[in-house]
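J.: just coords:
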């Protein structure tokens with residue numbers, strides 16, 4: 001019996017009139033999110049990164065655009081608020097991991113580009129990040145991973161569309 005099972009048993013005891021069945025998978029997802037994020041943050045920390053800095057640097061790297069991305073593009077690809085993004089960019093500029101460069105297509109704007117140091121750090125961090133993810137899922141078979149991914153995608157799509 002795990003933590004979630006104990007919580008469900010307590011609710012069943014105290015409120016037998018409620019169908020608390022959905023609490024089990026949602027509770028496990030929430031608990032798992034905390035555990036997974038903690039493990040990934042340990043990896044990022046070894047490179048001097050946190051969730052926010054890893055997110056921006058990884059987005060710049062995976063975009064495949066060496067010229068950089070506009071703050072608006074970064075906002076869209078990371079789904080944070082503009083104030084949060086400005087703060088993240090400022091911190092990364094200060095750390096020497098990104099730079100602001102004039103946008104040649106829009107003289108009023110600028111692009112955020114990885115510095116050489118930022119490029120090296122995020123490449124190393126992504127490699128370790130993927131190894132951490134492999135380790136975290138190593139207890140599952142390939143089929144279990146595929147099934148889990150399909151179920152989570154279905155749930156995510158339904159909740160995002162307002163069905164869930």
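T.: Thanks, I have it. Here the structure is a predicted model, which means the values were calculated and not measured. Residues are numbered from 1 along each chain as shown.
J.: Residue 122 versus the residue nearest the centre of the chain, what's the distance?
T.: The structure's the chain has its C-alpha centroid closest to residue 55; by C-alpha atoms, centre = their mean the separation is 6.7 Å. Separation of residue 55 from residue 122 (C-beta to C-beta, to the nearest Å): 11 Å. Any C-beta I mention is one placed from the backbone N, CA and C, and that applies to glycine too.
J.: so what's residue 126 up against?
T.: By C-beta atoms under 8 Å, 6 or more residues apart in numbering, the residues touching residue 126 are 58, 61.
J.: Quick check: the gap between it and residue 54.
T.: With C-beta to C-beta as the criterion, residue 126 and residue 54 are 9 Å apart.
J.: Residue 140 too?
T.: 24 Å.
J.: Of the two, which one has the most company?
T.: residue 54 (21 against 12; other C-beta atoms under 10 Å).
J.: so the more buried one sits right up against residue 125, yeah?
T.: Yes. Applying C-beta atoms under 8 Å, one finds residue 54 in contact with residue 125, separated by 6.4 Å.
J.: give the contact list for residue 124.
T.: Per C-beta under 8 Å, 6+ apart, neighbours of residue 124: residue 47.
J.: try 10 Å
T.: Taking C-beta atoms under 10 Å, 6 or more residues apart in numbering, we find residue 124 in contact with 46-47.
J.: What helix or strand is it located in?
T.: Residue 124 belongs to helix 116-136 when assigned by DSSP states H and E.
J.: Overlap of the contact sets of residue 126 and residue 54?
T.: Joint contacts of residue 126 and residue 54 (C-beta under 10 Å, 6+ apart) are 43, 47.
J.: Which residue ranges of the chain form strands?
T.: 98-102, 110-114 (DSSP state E).
J.: what sits up against the first one?
T.: Pointing back at strand 98-102 there. Under C-beta under 10 Å, 6+ apart, the answer for strand 98-102 is 53, 56-57, 60, 67-69, 71, 74, 88-93, 108-115, 117-119, 122.
J.: Sheet-wise, list the partners of that strand with their directions.
T.: strand 110-114 (antiparallel) (DSSP bridges).
J.: and the helix ranked longest in the chain with helix 116-136, angle?
T.: For the chain, the helix with the greatest residue count under DSSP state H is helix 23-45. Inter-element angle recorded for helix 23-45 and helix 116-136: 140 degrees (by axes from the mean of the first three to the mean of the last three C-alpha atoms, to 10 degrees).
J.: Can you give the contact residues for helix 23-45?
T.: Taking C-beta under 10 Å, 6+ apart as the rule, helix 23-45 contacts 2-5, 7-8, 11-12, 20, 49-55, 57-58, 125-133, 135-137, 151-152, 155.
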